[in-house]
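K.L.:
Fold the following.
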Amino acid sequence: MCIRDRLRIIGALLALLVVAFGAVTAWQTSERAAAADDVLHRSQPLSSGAADIYRSLADANTAASSGFLSGGQETAASRERYEKDIRSAASGLVTAAANAEPGSASEATIARLNRLLPEYKGLIERARTYNRQGYPVGGAYLRYANGKMQKEMLPAAEDLYTKENQRLAADYADATPFPWPAIALGVLALAALGWAQRRMYRRTNRVLNEGLVAAATATTVALLWLVVGHAVARSELDGSYDHGVRSLTVLHDARIASLKARGNENLSLVARGAETVTVDGETYDAYYYAFDKDLAVLGKGLTQADRLADDQGGRTPVKTARGDMAVWKQRHTAARTEDENGNYEQALDKVIGAKGATGECFDGVDSSIARAIAYEQGEFQRAAGDGRDAMTGLPVGVAVLAVLAAAGAVAGIGRRLSEYR
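P.N.:
Numbering: from 1, shown residues only. Predicted structure coming up:
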């Protein structure tokens, strides 16, 4: 094979290798950039939206029981809170349905919740009607509605939340892995360009070939951009998960536990001991027993949220919530003592009274957790946004540099070929 043919083959291989590097880089970084954008604008908001659906349903159930305890004429504030929660849950389901993949398990869960929601509302309205008329059957309807909520609706909402979290985890898994094939091709392309430059020097005693130098420079810039850009993106995305998503998950779980605790506290007074549970041979009021479990989950969640918060902005509302929870526990103990001693009205006043009631503590816990969630949401959006922005322009930029590098390699070899004419 003559020297001219060898040079043509070398030029073609160099150009092919550099173009392959650019193509693989563009492909892999495009996928990662799209996944990072999904984390920021799709999967995480949908995960939080699913948590909000759960919260709205649980809070509506709590508001309904609070209104029932108020007597025949529930307060306007209680009614409005219930209606607002129902509207929020319905709106959240519409958003979730619009983003669910056709035929997916999430779509089936959303359809089930859309079917159960009007059934639950109908039971609550019957409970209210009978309660206004002074019929005890109103309490039975309320407990039946609560059973539908606790055993069917909330588990379905939790399942939706779990599925959206799985989608979020999958997007993180797609966005963060290093693009090793692209990096390997970049290193190989640089090595090939270096070999070609050395070969030229040994045969011509010319230190530099301008075309090959331009090709090596463009490839080096592209490779550094790829490695540094993706490293920054990966670091920010990992930070958004560690300091945002993990905290948000714990806070959402704690908020749900507080809502469950409040609902069971109210229902313990609605049921008046009608429902019991036996544990280790001991019989307990079913709702009081559930309350204790929920408050333990709340305490554990707030402790974990305090540990995960990395600055005062995240810790302060969590500490406030822990303080309100401690007071709630004390007031609840006093209300339970009154109830167990047969002083129902005094117990009722300590739970839903205008001043010094457990309801104040619950509202304090809920609002503090809401502030903590808003803060951690901001932390997530900042870090995830920085991670996505670190890959902005990377696919197109590297592709352009690869084309320039290929042109430089062809030009450099072409100049050498011209010497044999």
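K.L.:
Hmm, Thr176 and Arg234 touching each other?
P.N.:
Yes - using Cβ atoms under 8 Å as the test, Arg234 is close enough to Thr176 to be in contact (5.0 Å). For every residue, glycine as well, the C-beta is placed using N, CA and C.
K.L.:
what sits against Arg126?
P.N.:
With contact taken as Cβ atoms under 8 Å, 6 or more residues apart in numbering, Arg126 is in contact with Gly138, Tyr141.
K.L.:
Look up how far Glu119 lies from it.
P.N.:
Distance, Arg126 to Glu119, using Cβ to Cβ, to the nearest Å: 11 Å.
K.L.:
Likewise for Arg112?
P.N.:
With distances defined as Cβ to Cβ, the gap from Arg112 to Glu119 amounts to 11 Å.
K.L.:
Please identify which of the two sits among more neighbours.
P.N.:
For Arg112 versus Glu119, the count of surrounding residues by other Cβ atoms under 10 Å is larger for Arg112: 16 against 13.
K.L.:
tell me which element the more buried one falls in.
P.N.:
Element membership for Arg112 (DSSP states H and E) is helix 105-132.
K.L.:
Buried by neighbour count: which residues of that helix qualify?
P.N.:
Buried residues in helix 105-132, counting neighbours by 16 or more other Cβ atoms under 10 Å, are found at 106, 109-110, 112-113, 116-117, 120-121, 123-124, 126-128, 130-131.
K.L.:
before we move on, what about stretch 58-74?
P.N.:
Neighbour-count burial for stretch 58-74, counted by 16+ other Cβ under 10 Å, picks out 58-69, 74.
K.L.:
who touches it?
P.N.:
Contacting residues not belonging to stretch 58-74 are listed as 75, 78-79, 81-82, 85-86, 89, 124, 127-128, 131-134, 138-139, 142, 145-146, 149-150, 154, 256, 259-260, 262-263, 266-267, 269-270, 348, 351-352, 359, 366 [Cβ under 8 Å, 6+ apart].
K.L.:
Poorly predicted segments of the stretch 301-421 of the chain, please.
P.N.:
Within the stretch 301-421 of the chain, the stretches with pLDDT under 70 are 415-421.
K.L.:
Going by residue numbers, what spans are helices in it?
P.N.:
Using DSSP state H, counting those that start in this stretch, the helices assigned to the stretch 301-421 of the chain run over residues 312-340, 344-352, 358-389, 394-418.
K.L.:
Could you say which one of these comes nearest to Val94?
P.N.:
With distances scored as Cβ to Cβ, the stretch of the helices of the stretch 301-421 of the chain nearest to Val94 is helix 358-389 (21.0 Å).
K.L.:
Okay, angle between that closest one and helix 312-340 too, please.
P.N.:
If you take axes from the mean of the first three to the mean of the last three Cα atoms, to 10 degrees, helix 358-389 sits at 150 degrees to helix 312-340.
K.L.:
for Leu295, what are its contacts?
P.N.:
Contacts here follow Cβ under 8 Å, 6+ apart; on that basis Leu295 touches Ala257, Ala261, Met325, Trp328, Lys329, His332.
K.L.:
if you set the cut-off to 10 Å instead, what comes out?
P.N.:
Ala257, Ser258, Lys260, Ala261, Arg262, Asn264, Glu265, Met325, Trp328, Lys329, His332 (Cβ atoms under 10 Å, 6 or more residues apart in numbering).
K.L.:
Could you do Gly138 as well?
P.N.:
Phe68, Gly72, Arg126, Ala127, Arg128, Thr129, Tyr130, Asn131, Arg132, Val270.
K.L.:
What are the buried residues along the helix or strand where Ala26 lies?
P.N.:
Secondary structure here is read from DSSP H and E; on that basis Ala26 sits in helix 3-38. Judged by neighbour count using 16+ other Cβ under 10 Å, the buried positions of helix 3-38 are 7-8, 10-11, 14-15, 17-22, 24-26, 28-29, 32-38.
K.L.:
what's downstream of it, the next helix or strand?
P.N.:
Past helix 3-38, the next helix or strand by DSSP H and E is helix 44-69.
K.L.:
now whichever helix or strand comes after that next one against helix 344-352, angle please.
P.N.:
Once the chain leaves helix 44-69, the next helix or strand it forms, by DSSP H and E, is helix 76-99. Our comparison of helix 76-99 with helix 344-352, counting by the same axes, to 10 degrees, yields an angle of 50 degrees.
K.L.:
Show me how far helix 76-99 is from its chain's centre.
P.N.:
When C-alpha coordinates are averaged (Cα atoms, centre = their mean, to the nearest Å), helix 76-99 and its chain have centres 20 Å apart.
K.L.:
Just the CA atoms from that helix would do, formatted as PDB, please.
P.N.:
Taking Å, rounded to 0.1, in the frame of the first residue of the first chain, the C-alpha atoms of helix 76-99 are listed here in PDB:
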ATOM      1  CA  ALA A  76     -68.300  27.900  58.500                       C
ATOM      2  CA  ALA A  77     -64.500  27.600  58.800                       C
ATOM      3  CA  SER A  78     -64.800  23.800  59.200                       C
ATOM      4  CA  ARG A  79     -67.100  23.500  56.200                       C
ATOM      5  CA  GLU A  80     -64.900  25.700  54.100                       C
ATOM      6  CA  ARG A  81     -61.800  23.800  55.000                       C
ATOM      7  CA  TYR A  82     -63.500  20.500  54.000                       C
ATOM      8  CA  GLU A  83     -64.700  21.900  50.700                       C
ATOM      9  CA  LYS A  84     -61.300  23.400  50.000                       C
ATOM     10  CA  ASP A  85     -59.500  20.100  50.600                       C
ATOM     11  CA  ILE A  86     -62.000  18.200  48.400                       C
ATOM     12  CA  ARG A  87     -61.500  20.800  45.600                       C
ATOM     13  CA  SER A  88     -57.700  20.500  46.000                       C
ATOM     14  CA  ALA A  89     -57.800  16.700  45.800                       C
ATOM     15  CA  ALA A  90     -60.000  16.700  42.700                       C
ATOM     16  CA  SER A  91     -57.700  19.300  41.000                       C
ATOM     17  CA  GLY A  92     -54.700  17.200  41.900                       C
ATOM     18  CA  LEU A  93     -56.300  14.100  40.400                       C
ATOM     19  CA  VAL A  94     -56.900  16.000  37.200                       C
ATOM     20  CA  THR A  95     -53.300  17.000  36.900                       C
ATOM     21  CA  ALA A  96     -52.100  13.500  37.800                       C
ATOM     22  CA  ALA A  97     -54.500  12.000  35.200                       C
ATOM     23  CA  ALA A  98     -53.100  14.400  32.500                       C
ATOM     24  CA  ASN A  99     -49.600  13.200  33.100                       C
END
